[in-house]
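K.L.:
attaching a predicted model along with its sequence, questions to come.
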Amino acid sequence: MTYPSLSGIDAGRELSRVRAAAPLVHCLTNSVVTNFTANVLLAFGAAPAMVVAREEVADFAAIAGALSVNVGTLNAEQAEAIRLAVASAILAGTPWVLDPVAAGALAFRTDFCRELLDARPAAIRGNASEIRALAGLASAGRGVDSQDSSEAAIDAARTLAERCGAVVAVTGEVDYVTDGQRVLAITAGDPLLTRVTGTGCSLSALVAAFLAGADDRLTAVASACATMAVAGQLAAREAPTPGRFAVALLDQLSLLDSRALEGALQ
């Protein structure tokens, strides 16, 4: 089945909106990608905050523009901090994003992510295997790597979106974003995005930035995915190896404007 592509005009408008607002994004992310995630948000023009202490997360989640939750290096102490931050975000009306890293591969994180679904995230961003696992379907993930195609998870993403009210983004060779009814496709990107640690995790934080103040969450989430994909595509043209690509990606995120994004999506 063919799904409509995200409008370049809409994506460009969203990029301009978020960059002008420079939202404060509270990131409860994994220890492997903390620095890269902060740099991605800074390069784009958002304001990252890596507040992790259980004594502080609730207060901070309430004042942030959005909250990004990533379970990549989950432990019991971080799980409790996430619960406190999510509860505070809900009370404050702060949109929050779930990145269910390696859900389906290990029981502790899978059960925890399914628990968090009851807290109704504004968005869920994961690969096909993670999304299928959260929806209760068999998946073929290997740690953080998906063995399923993103298209194979569209029905699961729709089911998950309808069940918990989130916009669900399935990222892969083609990204699909759904609110349970509508589905948008993003076909930009480059394989080098899978060769640098933290690009998916930092995308989830970028999704949180785009959700801050968004009127249409489906368009906002899709536009965040498009922003990362197009920046990766442009970075790969000048930096064909992983080390150089990581730096070029940050540069392209800082240089990308609404006109370039719109043109890349036509």
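P.N.:
In hand now; what should we look at? Since we're looking at a predicted model, the values are computed, not measured. Numbers count the residues shown, from 1 in each chain.

K.L.:
switch to C-alpha atoms for all contacts and neighbour counts from now on
P.N.:
Will do.

K.L.:
quick one: the helices in this structure?
P.N.:
Along the chain, counting by DSSP state H, helices occupy 8-21, 34-44, 57-63, 76-92, 107-117, 128-134, 154-164, 199-211, 217-238, 242-255, 258-264.

K.L.:
so can I have TSV of these showing mean pLDDT, distance to Thr187 and mean neighbour count?
P.N.:
Formatted as TSV, the helices of the chain follow (pLDDT from 0 to 100; distance: least, CA to CA, whole Å; neighbours: other CA atoms under 10 Å):
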stretch	mean pLDDT	distance to Thr187	mean neighbour count
helix 8-21	98	12	19
helix 34-44	98	21	20
helix 57-63	98	33	21
helix 76-92	98	32	18
helix 107-117	97	28	16
helix 128-134	95	15	28
helix 154-164	96	15	21
helix 199-211	98	16	29
helix 217-238	98	8	25
helix 242-255	98	18	18
helix 258-264	97	10	17
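
K.L.:
and these as a markdown table, adding distance to Met50?
P.N.:
As requested, the helices of the chain are arranged in a markdown table below (distance: least, CA to CA, whole Å):
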| stretch | distance to Met50 |
| --- | --- |
| helix 8-21 | 19 |
| helix 34-44 | 8 |
| helix 57-63 | 9 |
| helix 76-92 | 12 |
| helix 107-117 | 20 |
| helix 128-134 | 24 |
| helix 154-164 | 26 |
| helix 199-211 | 11 |
| helix 217-238 | 20 |
| helix 242-255 | 19 |
| helix 258-264 | 28 |
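
K.L.:
so what's the backbone phi/psi at the residue of the chain most remote from its centre?
P.N.:
Computed with CA atoms, centre = their mean, the maximum C-alpha offset from the centroid of the chain is found at Glu55, amounting to 25.7 Å. Per-residue torsions, Glu55: phi -70, psi -20 (degrees, to the nearest 10).

K.L.:
mind starting the numbering at 43 from now?
P.N.:
Got it, first residue is 43 now, which makes that one Glu97.

K.L.:
that's all I had, so thanks and see you.
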